[in-house]
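Asker: Just a sequence and a predicted model for now, questions to come.
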Amino acid sequence: MDRFRIPHILNSQLTTDFLIIGAGFSGLVVAERLAAAGWKCVVADRRSHIGGNAHDCADAAGVLIHPYGPHYFRTDSPQIVDYLSRFTTWHDVAYTIKSHTRGRYWSFPINLNTFEEYLGRASTTAEFSAWLVKSRVPIDVPQNSEEVIISQVGRELYEWFFEGYTHKQWQRHPRELDASVCGRVPIRTNRDDRYLSETFQAMPSHGYTALFENLLAATPGIELHLGVDWLEAKARWDCKHLIFTGAIDEYFGYCFGPLPYRSLRFEHESFTPEELRPRESVSEKPGFWQPAMQVNYPDTDVPFTRIVEIKHATGQKIDASTIVREYPMDWLPGREPYYPIPAPDAHAAYQKYAQLAAVEPRASFIGRLATYRYSNMDQVAALALAEAARLIARHGSNTPRPHS
Ligand SMILES: Cc1cc2nc3c(=O)[nH]c(=O)nc-3n(C[C@H](O)[C@H](O)[C@H](O)COP(=O)(O)OP(=O)(O)OC[C@H]3O[C@@H](n4cnc5c(N)ncnc54)[C@H](O)[C@@H]3O)c2cc1C
């Protein structure tokens, strides 16, 4: 059968300047820049929607949800904010989270309020700082995720808030994970309880999907094909250059074996205003189920890691609400590879694929899965902008369009 199919595909092969696999942050940002420089771009994604893992949509209750896990936009880069602001306005958010352990909610990330909850009385920054000096384990250069936390707060708070959570999330002990995994969570001796430390913390006013729709509407020269897998796209389009944003091991046919990933299962539950009313003493405000956007569950007898009620962050005015429980899972073929594993053995396995990618003619590998990195949205957008600039420097512009 295949003998007869191949000539047919070749005869009908279409052409484009750039073929981009993946309509997430990486794929759409690079497509926008190249199309603005006058190049024809075909973007193909196997999913039925744009936005990749940052996709958002309304659920059956009308609540705007993040089906692939909560996406909190933040950055220290004014250039990224300026660039994305062409396609969206922003809704400022103070991303707040709590931790639930020992039968109660705790302020989190660890700050002076957490210390007061721990003591059961009022305290001061000076007292907390002195307590930390006594409690922390002296380690000059923390080498892993356990060391990075015990060197700041000591063993007890590490065991309460980090050890179980991290182990559930990664199915590896924090000692086996890069220091950056737990090290990214701030620890403060004042009352600043914001989850994140970046200078710009906001969500697109109408969501991420709307941002990408605006990007596509503003950019003639991008042809979008949803429900199209990489192999199908490769057979359909001949191109000057390929940009691949999917998993690098998949691209190379798993020739060195599959890389390790973590996957997730999301359990959604929606509540009517009547169902939310009895929760007001817990949620501390009407119309919500829990007291913060995200509550971490570090106890190992609880099977999920966190419950997210994204309405706290989106600011959507709606009486109903939806919560999502997140259950970490091993990655197996057929499941989404949500997280590359940030550990030395996984980086080493990736290096073999990176060496193949470096000598692949006429192809670029960008984005979280193709670079096998735990990158945030602003970081993949920056990488996509840099790659577009590099390709434009190499190929030049092709009758630039007026709005570039
Ligand atoms: C649970 C979770 C929570 C996160 N939270 C945050 C957060 O709070 N803040 C933050 O900044 N970042 C967060 N991130 C990271 C964020 O999702 C990424 O930085 C960003 O979305 C990566 O964009 P991308 O385009 O590189 O990849 P993706 O969003 O994964 O897009 C890749 C696209 O390529 C398509 N694709 C893959 N393989 C193929 C193929 N073979 N053929 C066709 N199409 C293919 C996929 O369907 C997908 O649409 C989170 C990630 C996860 C998983």
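Answerer: On my side now, so go ahead.

Asker: Share the number of residues neighbouring the residue nearest to Glu309 when sequence neighbours are not counted, please.
Answerer: Spatially, and ignoring its direct neighbours in sequence, Glu309 is nearest to Ile323 (4.9 Å; CB to CB, 6 or more residues apart in numbering). C-beta coordinates here come from the backbone N, C-alpha and C atoms, glycine included. Using other CB atoms under 10 Å, Ile323 has 20 neighbouring residues.

Asker: So which elements touch the helix or strand hosting Ile323?
Answerer: In this assignment (DSSP states H and E), Ile323 forms part of strand 321-330. Contacts defined by 3 or more CB pairs under 8 Å, 6 or more residues apart in numbering; DSSP states H and E place strand 321-330 against helix 164-170, strand 261-271, strand 306-308.

Asker: now for the longest one, which elements pack on it?
Answerer: Going back to what we said before, that points to strand 261-271. Applying 3+ CB pairs under 8 Å, 6+ apart, one finds that strand 261-271 contacts strand 321-330, strand 339-340.

Asker: What is the helix or strand following that strand packed up against?
Answerer: Moving toward the C-terminus from strand 261-271, the next helix or strand (DSSP H and E) is helix 273-276. Taking 3+ CB pairs under 8 Å, 6+ apart as the contact definition, helix 273-276 has no neighbouring helices or strands.

Asker: contact partners of helix 273-276?
Answerer: 283, 286-289, 319-321 (CB atoms under 8 Å, 6 or more residues apart in numbering).

Asker: Follow the chain on from that helix and name the next helix or strand.
Answerer: helix 280-283.

Asker: Distance to the ligand and mean pLDDT for the helices and strands packed on strand 261-271 - can I get that in TSV?
Answerer: Shown next, in TSV, are the helices and strands packed on strand 261-271 (distance: least, CB to the nearest ligand atom, whole Å; pLDDT from 0 to 100):
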stretch	distance to the ligand	mean pLDDT
strand 321-330	7	97
strand 339-340	6	94
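
Asker: Could you list the contact residues of the stretch 251-400 of the chain toward the ligand?
Answerer: Residues of the stretch 251-400 of the chain lying close to the ligand by CB under 6 Å from any ligand atom are 264, 338, 367-369, 375-377, 380.

Asker: looking at those residues, which has the most residues close by?
Answerer: That'd be Gly367 among those, by other CB under 10 Å, with 31 neighbours.

Asker: Ramachandran coordinates for the residue lying closest to Leu242 once chain neighbours are set aside?
Answerer: Leaving aside its chain neighbours, Leu242 sits nearest to Ala363 (4.4 Å; criterion: CB to CB, 6+ apart). Note on Ala363: its backbone torsions stand at phi -140, psi 140 [degrees, to the nearest 10].

Asker: re earlier: out of the contacts of helix 273-276, who's nearest Asp76?
Answerer: Ranked by distance to Asp76 (CB to CB), the contacts of helix 273-276 are led by Phe288 at 29.8 Å.

Asker: what secondary structure does the residue nearest to Phe365 when sequence neighbours are not counted sit in?
Answerer: Nearest non-adjacent residue to Phe365, counting by CB to CB, 6+ apart: Ala357, 4.7 Å away. Recorded secondary structure, Ala357: helix (DSSP: H, G, I helix; E, B strand; the rest coil).

Asker: show me the contacts for Ala357.
Answerer: Ala357 makes contacts with 248, 251-252, 363, 365, 370, as judged by CB under 8 Å, 6+ apart.

Asker: So which of these belong to strands?
Answerer: 363, 365 (DSSP state E).

Asker: Among the contacts of Ala357, which one has the most neighbours?
Answerer: Ala370 leads the contacts of Ala357 on contacts (other CB under 10 Å) with 27 neighbours.

Asker: separation between the residue nearest to that residue when sequence neighbours are not counted and the ligand?
Answerer: In this structure, Ala370 finds its nearest non-sequential neighbour in Ile248, 5.0 Å apart by CB to CB, 6+ apart. Taking CB to the nearest ligand atom, to the nearest Å as the measure, Ile248 falls 10 Å from the ligand.
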